[in-house]
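*Asks:* sequence first, then the predicted structure:
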Amino acid sequence: MKEVETLWEEVRELSLGKSGRVERLESPPTPLRFLREFVSPNKPCLISNATLHWPALSSWSHDDYLSRALSNDVVSLHLTPNGRADALVPAPSTSSSSLCFASPYVHRLLFPEALRLILSCGNANSSGTVAYAQQQNDCFRSEYSALAADCEPHIPWASQALGCLPEAVNLWIGNHLSETSFHKDHYENLYAVVCGQKHFLLLPPTDVHRMYIRQYPAAHYSFSQDSGQLKLELDNPARNVPWCSVNPYPSPETKDAEISQFPLYFNGPKPLECTVKAGEILYLPSMWFHHVKQTPDSSGRTIAINYWYDMQFDIKYAYFNFLQSISYPSTCNLKLAGTECEDSGSDACACLSKYAPVADVVKMSKDGEGE
């Protein structure tokens, strides 16, 4: 459908202009400018010098400060064999599907030990696990509340523009192996990096057909006390999770096969690349697809905090739903072995956040947590 491909290009020009890059602001915008130029047109932007006044910018670079402040706090640590939680992985041998959607093993422990595991797992230790503090569900205001004085409880200019306070504030602590697969969230996301760097790939909601969203059997990692290893198991009772099929960084061994399977992504317009450094905030509009990797600081970790504001379920949301309801031939004709190629039009087939407003979006999946 040539019209859909034309739409991909037109949205890029409207969102990014001729530069093809995410617009950078050298200082925080006024609430009115933020609302008019970025929120209303659903356009991302990168704000420099946005959080330099936060004590966190200096304090959180010291592990001893964090360990003292959170010495008695129990936090949730997500463990996987490779750092890719809530992602597609080869299914267990008992499955007829080639891939499954794997959720991490969540280990509750005192923060100083959690931080030690994050740093020691930076090169995948002998136990074969990579640790990532990525609990979400408003974890900063619950598990990490002892750090509340080190940063703002909300982003003032964003709160004024959006007319509300954040629904959730989340803290992320990982290493260079921590990675988040392509997904989208039904939130306006203000993403602030405190230590290290975050590397985003961005695609607008109109590129939904290029994500090859399909149903995958749900699985989870469990931890064996006997072997000290993580084990992948299919959920029981069995259920499916709609998720993006595209891995934007395929291995040399699988690259040709993945380009052949997902030509709309690999042969279409390039995703936007955006690196967020310490002291900067990325405004990630609601429903934009994003993939996240990171580069740690000299201490071996990346720390970020993000603010999720409720999105407006307005006419844009209706337009996006209509677009998703259109069956794109290349999407429906290419199927993964052992999976059903679901209509990528409904919200049931959207890549969604676990912390999404279910009351507003009836068919929303609760699976998958994303940055």
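*Replies:* Received it, and whenever you're ready, just let me know what you need.
*Asks:* quick check: the gap between R116 and K198.
*Replies:* Distance of R116 to K198, computed by Cβ to Cβ, to the nearest Å: 23 Å. Placement of C-beta: from N, CA and C, glycine included.
*Asks:* higher neighbour count, these two?
*Replies:* More crowded of R116 and K198, by other Cβ atoms under 10 Å: K198, with 27 against 15.
*Asks:* hang on, the more buried one packs against A278?
*Replies:* No - counting by Cβ atoms under 8 Å, K198 does not reach A278; the two are 9.8 Å apart.
*Asks:* so for L35, what's the nearest residue that isn't a sequence neighbour?
*Replies:* Leaving aside its chain neighbours, L35 sits nearest to A161 (4.1 Å; criterion: Cβ to Cβ, 6 or more residues apart in numbering).
*Asks:* where does the one you found fall, secondary structure wise?
*Replies:* Take DSSP states H and E as the rule and A161 turns out to sit in helix 156-162.
*Asks:* ok, residues contacting that helix?
*Replies:* For helix 156-162, the surrounding residues in contact (Cβ atoms under 8 Å, 6 or more residues apart in numbering) are 28-32, 34-35, 39, 165-166, 188, 190, 283, 307, 309-310.
*Asks:* let's see the helix or strand harbouring H78 as CSV, backbone CA atoms only.
*Replies:* Taking DSSP H and E as the definition, H78 sits inside strand 74-80. Provided in CSV are the C-alpha atoms of strand 74-80 (Å, rounded to 0.1, in the frame of the first residue of the first chain):
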residue,chain,number,x,y,z
VAL,A,74,14.7,-3.8,49.9
VAL,A,75,14.4,-3.4,46.1
SER,A,76,13.4,-5.5,43.1
LEU,A,77,16.2,-6.7,40.9
HIS,A,78,15.4,-8.3,37.5
LEU,A,79,17.6,-11.1,36.4
THR,A,80,18.1,-12.6,32.9
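*Asks:* tell me how far the residue nearest to L35 lies from L79.
*Replies:* 38 Å.
*Asks:* try K293
*Replies:* 19 Å.
*Asks:* what do you get for R36?
*Replies:* According to Cβ to Cβ, R36 and L79 sit 44 Å apart.
*Asks:* quick one, which of these two is more surrounded?
*Replies:* Comparing R36 with L79 by neighbour count (other Cβ under 10 Å), the higher total belongs to L79, at 21 against 13.
*Asks:* just checking, that one touches G128?
*Replies:* No - if you go by Cβ under 8 Å, L79 and G128 don't touch, sitting 9.8 Å apart.
*Asks:* which residues do these two both contact?
*Replies:* With contacts taken as Cβ under 8 Å, 6+ apart, the residues that reach both L79 and G128 are L230.
*Asks:* picking up where we left off before, paired strands for the strand holding H78, with orientation please.
*Replies:* strand 105-110 (antiparallel), strand 130-132 (antiparallel) (DSSP bridges).
*Asks:* show residues contacting the shortest one.
*Replies:* Contacts with strand 130-132, where a contact means Cβ under 8 Å, 6+ apart, come from 77-83, 85, 104, 114, 117-118, 121, 124, 172-175, 177-178.
*Asks:* buried ones only from the residues you listed, please, as a PyMOL command.
*Replies:* Filtering the contacts of strand 130-132 down to the buried ones (16 or more other Cβ atoms under 10 Å) takes a single PyMOL command:
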select buried, resi 77+78+79+80+81+82+83+85+104+114+117+118+121+172+173+174+175+177+178
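*Asks:* lovely, talk soon.
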